[in-house]
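Enquirer: Quick one, structure for this:
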Amino acid sequence: MPPVRCRPGNKPMAAVRKLAGIVVAVIGLGAPVYAATAPQTAEAFLAANAHVADVTQTASGLQYEVLTPGDGAKPTDTDIALVNYVGSLTDGTVFDKSQQPTPLPVAEMVPGFTEALKLMPRGAKYRFWIPPALGYGDQASGPIPAHSVLVFDVELLDFKSMAEFQAMMQQAQGGTVPAN
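Expert: Numbering: from 1, shown residues only. Model prediction:
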């Protein structure tokens, strides 16, 4: 018996494609909403992501998942956080990545990143989904399109007060560092 061949546009082929889509959707259940989804608005993405297991949403709309819990104190607005991070879009496109532990002034980041850092105890690793209103909003920024959800994997290695940080920098440089 010869194999059955379906012409393009034939209903059996459409049924096969539909079944393949269902299988892909079922396999993806339980996984965080991320790169495998079709393009959607930031609001739709965040609404779906809020229902993923282990994702918590703050009153501001910032979403996060604890990947590795830390221990102890959390940074404040007046601290400098030492972090490793990867920043990406919801489609998985990486727009920024630390090449080494990077000092970041907590209060000088976009509002969502500031809020995120203040949630993390020392030694923690979190994934954050920053809504556009807490990121760049309706403004594009380099490779980041307007209205983008920012996705960050952040490891908080340590944090120091500004005075401690300046003293460490002064000692490392063997001279004085002007105060800001």
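Enquirer: Which pLDDT value belongs to the closest residue to Thr93 other than its chain neighbours?
Expert: In space, and not counting its chain neighbours, Thr93 is closest to Pro143: 7.5 Å by C-beta to C-beta, 6 or more residues apart in numbering. In this view, the C-beta of every residue, glycine as well, is placed from N, C-alpha and C. Reported pLDDT at Pro143 in the predicted model: 95.
Enquirer: Return the distance of Pro143 relative to Glu155.
Expert: 22 Å (C-beta to C-beta, to the nearest Å).
Enquirer: Comparing those two, which residue is more hemmed in?
Expert: Between Pro143 and Glu155, counted using other C-beta atoms under 10 Å, the more crowded position is Glu155 (19 against 12).
Enquirer: Tell me what the more buried one is bridged to.
Expert: Note on Glu155: beta-bridge partners by DSSP bridges are Asn84, Lys125.
Enquirer: wouldn't it be in contact with Tyr85 here?
Expert: Yes: using C-beta atoms under 8 Å, Glu155 is in contact with Tyr85, at 7.2 Å.
Enquirer: what's the burial count for Ala44?
Expert: Ala44 - counted by other C-beta under 10 Å - has 13 other residues nearby.
Enquirer: Go through the strand or helix carrying it and flag the buried ones.
Expert: Ala44 belongs to helix 42-49 when assigned by DSSP states H and E. Residues of helix 42-49 classed as buried by neighbour count (16 or more other C-beta atoms under 10 Å): Ala42, Phe45, Leu46, Asn49.
Enquirer: same thing with stretch 133-145?
Expert: Of the residues in stretch 133-145, Leu134, Gly135, Tyr136, Ile144 count as buried by neighbour count, 16+ other C-beta under 10 Å.
Enquirer: Just the endpoints, please. Distance across it?
Expert: Start-to-end span of stretch 133-145 (C-alpha to C-alpha, to the nearest Å) is 13 Å.
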